[in-house]
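**Student:** Build me a model from this:
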Amino acid sequence: MIYPVILCGGSGTRLWPVSLKAKPKPFLPLVGQTSLFEQACARVADDARFGEPVIVAGAAHEALITEQMDGKPHRLIIEPAARNTAPAIALAAEVLDPDAIMLVCPSDHYIAKPEALREAAVAAAALAAKDYLTTFGITADRPETGYGYIRHGRALDGGFAVAEFVEKPDLERAKSYLASGEYSWNGGIFAFRAGAYLDALAQYRPAMAKAVKASVAGARSDGSVIHPAPEEFAGIEGDSVDYAVMENTPNAAMVPADMGWSDIGNWAALQDALIEQEGNADDQNVVRGRADLADCTRVLAMSDGPRVSAVGLEDVCIVVANGEVLVTTRDGAQKVGKLPGAKDQ
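**Tutor:** Reported below is the predicted structural model:
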């Protein structure tokens, strides 16, 4: 049995002004009719290989999660404070049986081929059962500079040992990674035996492991909702699972996965996902709401009210939402989260 652990941290500021703190990116129907969070849960639902999900989220989004789960079985852990992914995963690991296999998934990614995810999860679970700390290596199809990379090591049954984790490269290095065939994107999806993850955390981040354990030991429960004790958790120095554990352990493994993945990390990434979903290979324009485009190429135009009209533009994203207007080039989309409107919402 594989237990999905759905992480609902982050505020999606690079998708401002549609993504807001009150209702951020995971809970919005950005690709398709359901939210990215609902899709993350649905990908492993109605499959006997997967147990009910364990969701880790902040108190501000408890009502949204309850609404979107719509009565489906789940456990919800209310994170006392945002401390990045390493302690968030540890909260779930402490709640689960030590021998339970965790499938750790961000709540705000898009996966076009869910069956490919499930099959990769089964392969990763087999490695995790042998105490490999397993990550998913997303098939790279372009020299992307916005993602971290994983270099494949020796072959394992169903995957590879991890030879190296690589930070976001410049374009020339990204091209060389793609040409070599030895690298995959680091998609932030993992499979661990709960006890093995906690053991590794105790080895590499002992203070963090101790604080999480104490916080869960002092937790109060309200039905399926678990509230870890905030006092112990508040003192944790936050860190990502990559830095805290994966880049330190000699037991890191990787399972390759070609599943139509996107982190929907900015407006350009969302546009690409929508183009692929809709099969729009001609002008590659994407329109949502009232918008008229003339002689435009690779333009995203979205509006929740006023008409957007554009002529002769290329590689531009125009978003009108929640009383705000955003205009950015595709290349500039990574910087949207630094705008005052995104930070001050």
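
**Student:** Test for you: state the pLDDT assigned to residue 177.
**Tutor:** Predicted confidence (pLDDT) for residue 177: 96.

**Student:** What residues of the helix or strand encompassing it count as buried?
**Tutor:** With elements delineated by DSSP states H and E, residue 177 resides in helix 171-180, which encompasses its position. Residues of helix 171-180 classed as buried: 173-174, 177-178 (neighbour count, 16 or more other C-beta atoms under 10 Å). Backbone N, C-alpha and C define where each C-beta goes, glycine included.

**Student:** now those residues in CSV, with distance to residue 199?
**Tutor:** As requested, the buried residues of helix 171-180 are exported to CSV (distance: C-beta to C-beta, whole Å):
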residue, distance to residue 199
173, 34
174, 35
177, 32
178, 35
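
**Student:** what's the closest of these to residue 326?
**Tutor:** When these are compared for distance to residue 326 (C-beta to C-beta), residue 174 wins out at 26.9 Å.

**Student:** Now that closest one: closest residue in space that isn't a chain neighbour?
**Tutor:** Computed as C-beta to C-beta, 6 or more residues apart in numbering, the closest residue to residue 174 that is not its neighbour in sequence is residue 143, at 3.7 Å.

**Student:** mind checking which helix or strand the nearest residue to residue 322 once chain neighbours are set aside is in?
**Tutor:** For residue 322, ignoring the flanking residues on the chain, the nearest one in space by C-beta to C-beta, 6+ apart is residue 17 at 5.1 Å. Taking DSSP H and E as the criterion, residue 17 maps to no regular element, lying outside all helices and strands.

**Student:** give the contact list for residue 17.
**Tutor:** The neighbourhood of residue 17, defined by C-beta atoms under 8 Å, 6 or more residues apart in numbering, consists of 319, 321-326, 341-342, 345.

**Student:** is it true that the residue nearest to residue 174 touches residue 171?
**Tutor:** Yes. When contacts are counted by C-beta atoms under 8 Å, residue 143 is listed as touching residue 171 (6.2 Å).

**Student:** what about the closest residue in space to residue 112 that isn't next to it in sequence, neighbour count?
**Tutor:** Closest residue to residue 112 in three dimensions, ignoring its sequence neighbours and counting by C-beta to C-beta, 6+ apart: residue 260, at 2.6 Å. The criterion is other C-beta atoms under 10 Å. On that basis, residue 260 has 18 neighbouring residues.

**Student:** Distance of residue 260 relative to residue 97?
**Tutor:** Shown here: residue 260 relative to residue 97, a distance of 32 Å by C-beta to C-beta, to the nearest Å.

**Student:** Check residue 253 too.
**Tutor:** With distances taken as C-beta to C-beta, residue 253 is found 21 Å from residue 97.

**Student:** Could you do residue 138 as well?
**Tutor:** In this view, residue 138 and residue 97 are 29 Å apart by C-beta to C-beta.

**Student:** between these two, which one's more packed in?
**Tutor:** Remark: of residue 138 and residue 97, residue 138 carries more neighbours, 27 against 12, as counted by other C-beta under 10 Å.

**Student:** Could you pull up the residues touching that one?
**Tutor:** If a contact means C-beta under 8 Å, 6+ apart, then residue 138 has 147, 184-187, 257-259, 261 as its contacts.

**Student:** That one bridge partners, please.
**Tutor:** With beta bridges defined as DSSP bridges, residue 138 has these partners: residue 185, residue 257.

**Student:** Just the element for residue 226, please.
**Tutor:** strand 225-227.

**Student:** May I ask you to confirm that residue 297 is in contact with residue 283?
**Tutor:** Yes. Residue 297 sits in contact with residue 283 when judged by C-beta under 8 Å, with a separation of 5.3 Å.

**Student:** show me what contacts residue 161?
**Tutor:** Applying C-beta under 8 Å, 6+ apart to residue 161 gives the contacts 152-154, 252-254.

**Student:** Reformat those as a markdown table; add neighbour count.
**Tutor:** What follows is the contacts of residue 161, written out as a markdown table (neighbours: other C-beta atoms under 10 Å):
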| residue | neighbour count |
| --- | --- |
| 152 | 19 |
| 153 | 16 |
| 154 | 8 |
| 252 | 24 |
| 253 | 25 |
| 254 | 26 |
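
**Student:** With respect to residue 164, which of these is nearest?
**Tutor:** For these, the nearest to residue 164 is residue 153 (7.9 Å; C-beta to C-beta).

**Student:** and residue 277, what pLDDT?
**Tutor:** pLDDT recorded at residue 277 is 86.

**Student:** where along the stretch 101-250 of the chain do the strands fall?
**Tutor:** In the stretch 101-250 of the chain, strands defined by DSSP state E, counting those that start in this stretch lie at 101-106, 110-111, 133-138, 149-156, 159-166, 183-193, 220-222, 225-227, listed in chain order.

**Student:** And the helices in this structure?
**Tutor:** 36-42, 62-69, 85-95, 114-128, 171-180, 194-204, 206-217, 230-234, 241, 267-278, 340-344 (DSSP state H).

**Student:** Take these and lay them out in a markdown table including distance to residue 303.
**Tutor:** Converted to a markdown table, those look like this (distance: least, C-beta to C-beta, whole Å):
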| stretch | distance to residue 303 |
| --- | --- |
| helix 36-42 | 21 |
| helix 62-69 | 24 |
| helix 85-95 | 34 |
| helix 114-128 | 30 |
| helix 171-180 | 33 |
| helix 194-204 | 44 |
| helix 206-217 | 44 |
| helix 230-234 | 41 |
| helix 241 | 38 |
| helix 267-278 | 14 |
| helix 340-344 | 16 |
